[in-house]
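Peer 1: need coordinates for the below:
(chains A, B, C and D)
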Amino acid sequence: MKRARMLYGLSVVAILALVLSACATPTPQVIKETTVVKETVEVTKVVVATATPETVPEKKGYKIAMVVKNLGNPFFEAAKKGCEEAAKELGDECIFQGPATPTAEGQIEIIDALIAQKVDVIAITANDPDALVPVCKKAMDAGIKVVTWDSAVAPGGRQIFVNQADMEQIGRIEVQMLAEMIDYKGQIAILSAASTMTNQNTWIEWMKEELKDPKYKDMELVTVVYGDDLREKSYTEAQGLFKSYPELKGIISPTTVGIAAAARALTDAGLCGKIALTGLGLPSEMAEYIKSGCCKEMALWNPIDLGYMATYVSHLMASGEITGKPGEKLTAGKLGERTVVDDGAGGGMVLLGPPFKFNAENIDEWKNVY
Amino acid sequence: MSVIARKKRRSVLLTIAGVRETGISIFILLLVVVVSLRSPYFLTVSNIKDVLMDIAILSIVAIGEAMVIITRGIDLSVASTLALAGMAVGMTISSHPEIPPGGALLMGMGIGAVLGSVNGLLVTKGHIPPIITTLGTMSIYRGLVFAISGGAWVDADEMTKEFIGMTKGEILFIPNLVFMAGIVAIISYYFLNHTSTGRQIYALGSNPTAARVAGIHVHRNLFLAYLISGILCGMGGVLWISRYASAQSDTAVGFELQAIAAAVVGGVSTLGGSGTIPGVLLGSLLLGIVVNALSLVHISPFWKLAVQGLIILAAVVTDALLSRRLQQSRSAEGTS
Amino acid sequence: MTSLTKAPPKRFIMLSLLLRWEWLLVLLIIVACFVNASLSRYFLDVDNLFDMTFNFMEKSLVALPMTFIIISGNIDLSVASNLAMSAVIMATAFQSGLNIWLAVLLGLCIGTIGGLINGLLVSRLRLPALAVTLGTYALYRGVAFVLLGDLVVKGFPDSFIYIGQGNVLNTPVPVPLLLFSVMAVVFGLVLHRTAFGRLIYAIGNNEEACRYSGVAVNRIKVIIFALSGFMSALAGVIMTARFGSVRPNIAAGLELDVITAVVLGGVDIFGGQGSILGVVLALFLMGITRFGMSLKNVPGQVQSTLIGFLLILAILLPQLLRRFALRSRG
Amino acid sequence: MDGEIRSEPILKLVGIRKAFDGTQALAGVDFELCPGEIHALVGENGAGKSTLIKVITGVHRPDAGEILFRGEPVVITNPLDAQRLGIAAIYQEPTLFPDLDIAENIFMGHYPLRRFTRRVAWRQLYDQAARTLRVLGMDLDPRTRVRGLTVAQLQMVEIAKALSFNARILIMDEPTSTLTLSEVAELFSTARQLRDAGTAIIFISHRLEEVFGLADRVTVLRDGHYVGTCNVSEVTPDELIRMMVGRTLNDLFPKSDVKQGSVVLRVEGLTKEGVFRDISFELHQGEILGLAGLAGARRTDVAQAIFGVAPADRGKIWVDGQQVAIRHPKEALALGIAYVPENRQQHGLILPMNITHNVTLPILQQFARMGGWLDSRAEAQTAQEITTRLDVRAAGLWQLASALSGGNQQKVVLAKWLTTRPRILILDEPTRGIDVGTKAAVHELMSTLASQGMAILMISSELPEILGMSDRILVMNEGRLVNQFTRAEATQEKIMLAATGSSSA
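Peer 2: Below you'll find the predicted structure:
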């Protein structure tokens, strides 16, 4: 009997030891992350998403927390590089965090912990623009600046929006690219991400707007399908598209996962060239298909620059150099000067710039960058 | 009782025993007829090929899952195992493009075997209930995917043409992927139905206590089921990254529920001891056809999940009612 | 030997008290707090600690009936989907002009009906709960999508928002925490002190014997599944109020967290054993561990990996040590 | 004590000890088995017979002692080792695989395999299985799935399974407890055939008449100790009982002598399609009505139909002159009917729960105060009263049902049903697998209850019990009531004739 009790104690101690070691050692694999991540950007002393020794009392720089939709997503991994680069230039600390799966719940939990840590700025790209509003308000109440980038939190939950490109422009440009490819004729379809994502939904609205122009009178948008930003689902959805619409001439996929999956599906089905594809894609993922002609042209902003810009804006917000009001001027390091403009909802917005078009001519110089 | 009467009884029993697969086959046929009336494209060779390609990986994983469920267990870690094996293989081939596709496949199966063994050891030696073991390893393996990749990904550009081509080619008009799933199914069928180890897997799922008394190595066979499930997931992982030409840390999230659904719809009882490979294949096929059909007949994508749910429920309920009637007719026979 | 009234031997009582799983959890919580406090100076802060609970109260509410269900030898995979379905229906009703509190009531009814359907399929048709709730897992989430698609419902009144985001009066205690505390006490008393609770254990241990003893097994099963549906809907209401908005994809994957907590809380996955106290402790252990890791900015994937390890180790280690001791004894 | 030695013992156990959680199940047991003998192993429940068998078959490993097989010491670590030595066992509870067919069950663990492919040789499997079934006189297709077979059929498959090994040592652990007399006779002749062919058989039974009818030698165990071995021809039943219990029992079946009252239960034309047909009888206050028949005569089904576990399709039931419809045991309970099921561990008890909780299960609502709150003091008091009355032996009411001996478990089941204060008590094989002492206590209790006016319907396959306890005897055969006797006119022969009546066709 005594032994049983002793055993029990032993097992408790053993479990505790494990938990302790798990918490105490900064998980090694994560540190490696900064070095593993592709090439180009020189690794800085910036600590990313790891257990750091608590900050020293006197402030060296601002603590900028970048919260992304989920970790392990290529787009955000690229943005992280920009964050690190800018943080190094500014002497700030870049905390890069995100949930394992792209859910609002996970992001809220993270933001709560960031509020508790009293970071200076939270720069967030939202999984759900509305669900995050309350927690973002809470952060603002706690004196934390809330910057939103990429996928915006609804106006009530942000102080400034770093927009990768004008929503309207992105929507319209995708239709224009596709129209060029199919000669302004035929059925087209859209393969989107999850049905809840703000960005995609807004762009699709603008696409529909653009399509009202009489020059597109021979083009017909037959359907919008959702691949949930899951590769296999997007793949199946793309397949479904060209099966159920045998007359289909073109697909627009305003999401990096979707366009890659669609390109794959087109290649596998031998429909490259018969059905045109465009949208927003990562050069590294799409290089193969652009070269093969499956996707002649696509657009994207530079996610590294986006992360860089968001970090600069965060820094300026924290230092009080800008407040997020339209009309303010700022200098975002290597990206040069920008002006805060009206976001249409009464708040301020900074534009990264026009989306960049990738095609067979320039893809090689970008495919190794992001 | 006369010989004739005995023969007759046997044939009746055989027919009833076949009902499980018959029921789902009829359902599939009905669906096919309805959908092909609505969409002329449905019954074309290329669409059928596509459906088969789509369900190939699912059925490979579902077969492993079915073996585990037959032993009264469950494997929630299949999707994570698949992703981990896929990521490890993807990273290896991107740095060692000289590895042939076959080698990559073997490597994936090896990694799957290791992960499956961990499950098997925890269940047999650790005496942890399967659902808890695999709930735990589901998170652990998924985390490992992130850890080994550092959040990075492997994309089409980093894979060799041969590797991506592995799942693309055709042998005698049959897509490679379907061919491979077919081989897996045939080997598994043979294993489960014609080897004594296979029969023992059924036996221990049917009555674990009796299995022990009958001198069956319960632990060895249980371990084997998890091992096989792991190997098939590993194989699925390599095929997956070849097919979609990409390995990421969120590959196949939620796929475990699809695998379980395919097995359950195919008549594998979650109470253990029963279920067949043809059933699992039909289950995967049904799920595949539903997804395909919904997009072909232009039903809003938002209906998909609800329809899938209804089909799973329908399958479970019909199966239960059928087997209950089977049992009733049997006991009636016993007295007459 | 003759009189059975005598109490069990003292050593027996002592031992069974000491060996309670709950003590292990208490110890783990203390250690987790200690570790967190020493690693982060933000941890031991009353406001932070209370605030942290917002994040797992929905799970906790659902974990209470899940404890009943698992003790009775069943499982409910559909909780998160049911949560989403009832929240979506509540929200659409509100949007179409229904008074918010009536809409809440409607949501709770829908959730209960969802649970009722599970219960009826499991008990009347004697289907395995795993298979049934796997089906409704897809179905209920599907219904949420059919109803709301890519839309969002927001603009709830402040009085409603308060139940998901507010604090009780002027204290730092969040409203959901208070609600959960009350519910936990109620569920604990029902499970451990009433005839209904006893019958749940009895069914989990031997359903057939219960039938033979005239226990209304089916009715009890239907009730606990309906209860699970009701609590899922309640969690849906809280979550809606906390987010201030509803989309059909809320609470995806919540069921696995709930089951993890219940099992970590010492409930036997095969039924018949477990306590509400253990589950509550496990919920807080998980919450504190996650919060601590978030404070140290440990990536999400690594967090769930550690919870996975915790789950397996918590069950494996006592066993391994016992076996080791037996071997060393000879 | 040893009789003539037929040959060298094939199996010899020396000083076997085995303890579970501190309880000494076997405290130094010796045992010897020779080829070509049937060796009975007897003792009260908890004497250690089953543990000894499990040691021999490798399910348990002994803490101390030696096993000699043909004079060589062997270590049997698992059932497979035992199989390799040619040891086969038939257990009390059938250990079959419901999802597999009969042939697969028979050959599980040693399928005939094709030489090169290692593939299961199905035709050979089914042929051999059919042959084995024929040897046992069993008319069943080997492809029939086992789920849904009757208990007797399951038992037969078990025996076929053991025979399929060509076992040199065959262990039969109460194989007859679920068999009918004709089946028992068949089994015995098979056993004798095997013995004459040189197989050594260990035979365990509670029925002494079977021991005397079949065995050559008998070994007695008591409380895990070895008491002695003797030739069956040299002992009397009384001597044997004395060795088993350490005392003599004069009257195993105390007769009830009660004045019968009015009809409390009347059943008319009760029919369940394909199970039983047209069952009609009356049960009086203070009467013990015996229900005899072979296994598979569907007596249990009738009882379960009356109790509402598996309601009948047609027919009427009156309780106290009121016609009633019973669809669920709860309703039967409310009418004052109680049913002590045949399968104690599966249907009677909740093994992982303590005595109190088991006893109060059907009447739990009585202890529910406001809001369903349980009055645990009143609950414990009720449990204590009834268990004291029935003399349940346990360390305390907190003890788990699983820790009790078979006899005490049955007493707890009886206690559970008596707390419901039934007026009609249905007992299904009330003394199966119970040691002699408890058996007598149960019979005494039945008498007392009847004398207090309770109406008892007793299903039993033990003819002496039926003859000794019943005021009237009904006989069922293949789902029908075939005959009825008063105690005065009933004899073993008459009952058997009725029970087997037309079944030989």
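Peer 1: and stretch D:350-363, end to end?
Peer 2: Its first and final residues considered, stretch D:350-363 spans 15 Å by Cα to Cα, to the nearest Å.
Peer 1: the helices in the stretch 51-200 of chain B, which residues?
Peer 2: Ranges of helices in the stretch 51-200 of chain B, per DSSP state H, counting those that start in this stretch, are B:78-95, B:101-124, B:130-149, B:161-165, B:176-194, B:196-206.
Peer 1: what stretches of the chain score poorly on pLDDT?
Peer 2: Assuming you mean chain A. For chain A, residues meeting the criterion pLDDT under 70 lie at A:1-60.
Peer 1: switch to chain D, that's the one I care about
Peer 2: D:1-7, D:21-23, D:44-46, D:92-94, D:137, D:150-152, D:177-181, D:245-258, D:295-296, D:500-505.
Peer 1: give me the domain ranges for it.
Peer 2: D:11-248, D:249-336+D:422-505, D:350-420 (automatic domain parsing).
Peer 1: what's the offset of stretch D:413-423 from the middle of its chain?
Peer 2: Stretch D:413-423 has its C-alpha centroid displaced from the chain centroid by 21 Å (Cα atoms, centre = their mean, to the nearest Å).
Peer 1: now the domains of chain D in CSV, with mean neighbour count?
Peer 2: C-beta here means a position set from N, CA and C on the backbone, and glycine is covered the same way. Below are these laid out as CSV (neighbours: other Cβ atoms under 10 Å in any protein chain shown):
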stretch, mean neighbour count
domain D:11-248, 19
domain D:249-336+D:422-505, 19
domain D:350-420, 20
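Peer 1: now the ones you listed as a markdown table including distance to A:Ala287?
Peer 2: Below are these laid out as a markdown table (distance: least, Cβ to Cβ, whole Å):
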| stretch | distance to A:Ala287 |
| --- | --- |
| domain D:11-248 | 50 |
| domain D:249-336+D:422-505 | 70 |
| domain D:350-420 | 63 |
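Peer 1: where does C:Val246 fall, phi/psi-wise?
Peer 2: phi -130, psi 140 (degrees, to the nearest 10).
Peer 1: what does the stretch 51-200 of chain C have sitting close to chain D?
Peer 2: C:190, C:193-196, C:198-199 (Cβ under 8 Å from any Cβ of the partner chain).
Peer 1: buried subset of the residues you listed?
Peer 2: C:190, C:194-196, C:198-199 (16 or more other Cβ atoms under 10 Å in any protein chain shown).
Peer 1: in helices only, show me the residues you listed.
Peer 2: The members of these that map onto helices under DSSP state H are C:190, C:195-196, C:198-199.
Peer 1: which one of these sits closest to chain B?
Peer 2: Chain B has its nearest neighbour among these in C:Leu199, at 22.8 Å by Cβ to the nearest Cβ.
Peer 1: pretty sure D:Val220 belongs to a strand, no?
Peer 2: Yes. Judged by DSSP: H, G, I helix; E, B strand; the rest coil, D:Val220 forms part of a strand.
Peer 1: next, residue 250: phi, psi?
Peer 2: All of this refers to chain A. Per degrees, to the nearest 10, the backbone of A:Gly250 is at phi -160, psi 150.
Peer 1: which stretches in the stretch 1-150 of chain A count as helices?
Peer 2: Going by DSSP H, counting those that start in this stretch, the stretch 1-150 of chain A shows helices at A:2-24, A:28-36, A:74-90, A:104-116, A:133-141.
Peer 1: what is the neighbour count of B:Ala315?
Peer 2: Each residue near B:Ala315 was counted by other Cβ atoms under 10 Å in any protein chain shown, and the total is 24.
Peer 1: does it touch B:Ile24 like I think?
Peer 2: Yes. Counting by Cβ atoms under 8 Å, B:Ala315 touches B:Ile24, with 6.7 Å between them.
Peer 1: name the residues contacting each of the two.
Peer 2: Common neighbours of B:Ala315 and B:Ile24 (criterion: Cβ atoms under 8 Å, 6 or more residues apart in numbering or on different chains): B:265, B:267, B:283, B:286.
Peer 1: mind putting those residues in TSV, distance to chain A included?
Peer 2: Shown next, in TSV, are the shared contacts of B:Ala315 and B:Ile24 (distance: Cβ to the nearest Cβ, whole Å):
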residue	distance to chain A
B:Val265	18
B:Gly267	25
B:Gly283	18
B:Leu286	15
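Peer 1: and these as CSV, adding distance to A:Lys249, neighbour count and pLDDT?
Peer 2: Compiled in CSV, the shared contacts of B:Ala315 and B:Ile24 are given as follows (distance: Cβ to Cβ, whole Å; neighbours: other Cβ atoms under 10 Å in any protein chain shown; pLDDT from 0 to 100):
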residue, distance to A:Lys249, neighbour count, pLDDT
B:Val265, 37, 31, 87
B:Gly267, 43, 26, 85
B:Gly283, 37, 31, 92
B:Leu286, 33, 23, 90
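Peer 1: tell me the one of these nearest D:Glu209?
Peer 2: Comparing the shared contacts of B:Ala315 and B:Ile24 against D:Glu209 with Cβ to Cβ picks out B:Gly267 as the nearest, at 49.0 Å.
Peer 1: pull the contacting residues for that closest one.
Peer 2: B:20-21, B:24, B:274-276, B:279, B:283, B:315, B:319.
Peer 1: by neighbours, which of those residues wins?
Peer 2: Going by other Cβ under 10 Å, B:Gly283 tops the contacts of B:Gly267 with 31 neighbours.
Peer 1: got the angle between the helix or strand containing that one and helix B:176-194?
Peer 2: Using DSSP states H and E, B:Gly283 sits in helix B:277-296. If you take axes from the mean of the first three to the mean of the last three Cα atoms, to 10 degrees, helix B:277-296 sits at 150 degrees to helix B:176-194.
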